[in-house]
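Asks: Structure for this input, please:
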Amino acid sequence: MHKLPQIIQGGMGIAVSSSSLAKAVSKRGELGVVSGTAIDSVLIRRLQDGDIEGELRRAMASFPDQNFVLEVTNRYFRDGGKAHDESYLEAAKLSLNPSEFDSKLIVLANFVEVWLAKEDHQGLIGVNLLEKIQLATLPAIYGSLLAGVDYVLMGAGIPSEIPRALRELSRHQKSELKVDVDGATHEYKSRFDPQIVFGANEITISKPKFLAIISSHALSAYLNRDEVTRPDGFVVEGPTAGGHNAPPRGSTPVGPDGQSQFSEKDMADISKVASTGLPFWLAGSYSTPEKLQQAKQLGATGIQVGTIFALASESGLTTQLRAELLEKLALDELVVKTDPKASSTGFPFKLVELESTLSNPINYEKRIRVCDLGYLRTPFERDGKRIGYRCPGEPENTFVFKNGKAEDAKNIKCLCNGLMADIGLAQIRPGGYTELPMITLGSDLTGSKALLDLYPQGWNADQVLDYLLKV
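Replies: Purely as a prediction, here's the structure:
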């Protein structure tokens, strides 16, 4: 039985919580976390860029199904990298009925990311997945299990079926999950059979711990009601956390400044979470040593920390973006807003105002709307028979043609392409247009400012942990 970590490094997508960052945290005895969001696209784009350091191919060499590895390598790897003005080949969009190749690609990509994070040490590694992206969940979990992941973390919904799925997949058994389908007249499920991965049965899997990421004490009570849905612990996120936030529960969800407006109703009752008897970590404005001690006084095992790790040198953010963010921080000009409309999920999203990104209205207007990655598409039922997929971030006419509401598409930004650009994997369109980044951080910058005072040129993961643990 391992000791529970005090610090959980946030699982920031897309690949901002890189394998290098997770490894650095893990080697210090805390929980390093990689993101499984869109990791299949990350893998194949990095292969097309030439896998210059060779780490992807090193990890793939340990994957049990080497025939599939050869197929992926032949399809996507470019020795020396593709031309700078050449578009990336894309992975297939997620669907209820994926091909065997597409499912195995998600398995392989998650295996690679976790394997690299765990390479050459005995520390703990977790993978963060989003309940919202239901169609990728089962193969993503299985790929992580094959690489020996220690924790699975999931939020952005009610992950009540994950404990069962973990039990089944850790035994190489078939598994299925209910899928939310707009306008459904009957139940839909995604299904995954581990037997499609040749040789995987030879790997003995230890079932990882499961942490549900929640924003309310009511959800902790609901998930804790019986062993079928009970996780091994909770991460309790407040509304200042980066990325997506739960929608405000107050009567005025949007304030006069156009931002999502939160109140006391949006704060979980920590004493009620503690009453479940399960370990929990607090997140959102918990980025200082004082906040770590405060969390423990409230009964928490520790804290989950995102923003100060996102700005660390090992994160997946490009060097240029990190430098811009640190410069703005030093000038006290780093502005983080909670945009109720930016995300196609309908959830509020923390957005950093930066001129070089899609948060700049001029850049937003120049972009031609396209939904070619599609991780946040919503399945919907057509005429009680067929399944379609729509995203408010796609061209408005297309979205309305699919019976979407025009007002839902207004001012939506493309998170999939924006977050991919954050890590240097921006798609290049015909004609030369390159997708621009879209940065998210938590709105509480106290810890970031303290670290900048200590390390004016920037910091690494070790220095974050020294700061938080007062080493």
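Asks: Tell me which residues of stretch 118-136 come out buried.
Replies: 118, 123-136 (16 or more other CB atoms under 10 Å). C-beta: built from backbone N, CA, C; applies to glycine.
Asks: can you map out the helices along the stretch 201-350 of the chain?
Replies: Using DSSP state H, counting those that start in this stretch, the helices of the stretch 201-350 of the chain run over 217-223, 270-274, 289-297, 307-310, 319-330.
Asks: okay, those helices in CSV with mean neighbour count, distance to L169 and mean pLDDT next?
Replies: As requested, those are arranged in CSV below (neighbours: other CB atoms under 10 Å; distance: least, CB to CB, whole Å; pLDDT from 0 to 100):
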stretch, mean neighbour count, distance to L169, mean pLDDT
helix 217-223, 19, 19, 92
helix 270-274, 16, 27, 95
helix 289-297, 15, 32, 97
helix 307-310, 28, 28, 98
helix 319-330, 16, 35, 97
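Asks: Redo those as TSV? Include distance to S263.
Replies: Below are the helices of the stretch 201-350 of the chain laid out as TSV (distance: least, CB to CB, whole Å):
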stretch	distance to S263
helix 217-223	16
helix 270-274	17
helix 289-297	21
helix 307-310	22
helix 319-330	28
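Asks: what's the closest of the ones you listed to D444?
Replies: helix 307-310 (7.7 Å; CB to CB).
Asks: From the chain's centroid, how far away is the closest one?
Replies: On the basis of CA atoms, centre = their mean, to the nearest Å, helix 307-310 sits 14 Å off its chain's mean C-alpha point.
Asks: Check which helices and strands that helix sits against.
Replies: Contact partners of helix 307-310 among helices and strands, from 3 or more CB pairs under 8 Å, 6 or more residues apart in numbering; DSSP states H and E: helix 446-454, helix 461-469.
Asks: Give me the buried positions along the first one.
Replies: Along helix 446-454, the positions that meet the burial threshold by neighbour count (16+ other CB under 10 Å) are T446, G447, S448, K449, L451, L452.
Asks: which of these lies closest to I14?
Replies: Proximity of those to I14, judged by CB to CB, is greatest for S448, which lies at 21.0 Å.
Asks: The closest one contacts T307, doesn't it?
Replies: Yes - under the criterion of CB atoms under 8 Å, S448 lies in contact with T307, with a separation of 5.9 Å.
Asks: Pull up the overlap in contacts between the two.
Replies: S287, L441 (CB atoms under 8 Å, 6 or more residues apart in numbering).
Asks: hmm, back to that, output the buried residues of helix 446-454 in TSV, with distance to E71 and pLDDT appended to each entry.
Replies: Putting the buried residues of helix 446-454 into TSV (distance: CB to CB, whole Å; pLDDT from 0 to 100) gives the following:
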residue	distance to E71	pLDDT
T446	49	97
G447	45	97
S448	43	98
K449	49	98
L451	44	98
L452	46	98
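Asks: Take those residues and write them to CSV, including distance to G13.
Replies: Output for those, formatted as CSV (distance: CB to CB, whole Å):
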residue, distance to G13
T446, 24
G447, 21
S448, 20
K449, 25
L451, 22
L452, 25
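Asks: The residues you listed: which two are farthest apart?
Replies: Pairwise distances among those were taken by CB to CB; the largest, 11.0 Å, belongs to T446 and L452.
Asks: can you map out the strands along the chain?
Replies: All strands of the chain, identified by DSSP state E, fall at 7-9, 32-35, 125-130, 151-155, 175-179, 188-192, 209-214, 233-237, 280-283, 302-305, 336-339, 349-352, 378-382, 386-390.
Asks: would you turn these into TSV with mean pLDDT and distance to A426?
Replies: Shown next, in TSV, are those (pLDDT from 0 to 100; distance: least, CB to CB, whole Å):
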stretch	mean pLDDT	distance to A426
strand 7-9	98	25
strand 32-35	98	18
strand 125-130	96	21
strand 151-155	95	26
strand 175-179	96	30
strand 188-192	96	29
strand 209-214	96	28
strand 233-237	96	28
strand 280-283	97	29
strand 302-305	97	27
strand 336-339	94	21
strand 349-352	95	17
strand 378-382	93	25
strand 386-390	94	23
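Asks: Redo these as JSON lines? Include distance to S20.
Replies: Shown next, in JSON lines, are these (distance: least, CB to CB, whole Å):
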{"stretch": "strand 7-9", "distance to S20": "12"}
{"stretch": "strand 32-35", "distance to S20": "9"}
{"stretch": "strand 125-130", "distance to S20": "12"}
{"stretch": "strand 151-155", "distance to S20": "18"}
{"stretch": "strand 175-179", "distance to S20": "31"}
{"stretch": "strand 188-192", "distance to S20": "29"}
{"stretch": "strand 209-214", "distance to S20": "22"}
{"stretch": "strand 233-237", "distance to S20": "22"}
{"stretch": "strand 280-283", "distance to S20": "22"}
{"stretch": "strand 302-305", "distance to S20": "17"}
{"stretch": "strand 336-339", "distance to S20": "25"}
{"stretch": "strand 349-352", "distance to S20": "22"}
{"stretch": "strand 378-382", "distance to S20": "33"}
{"stretch": "strand 386-390", "distance to S20": "34"}
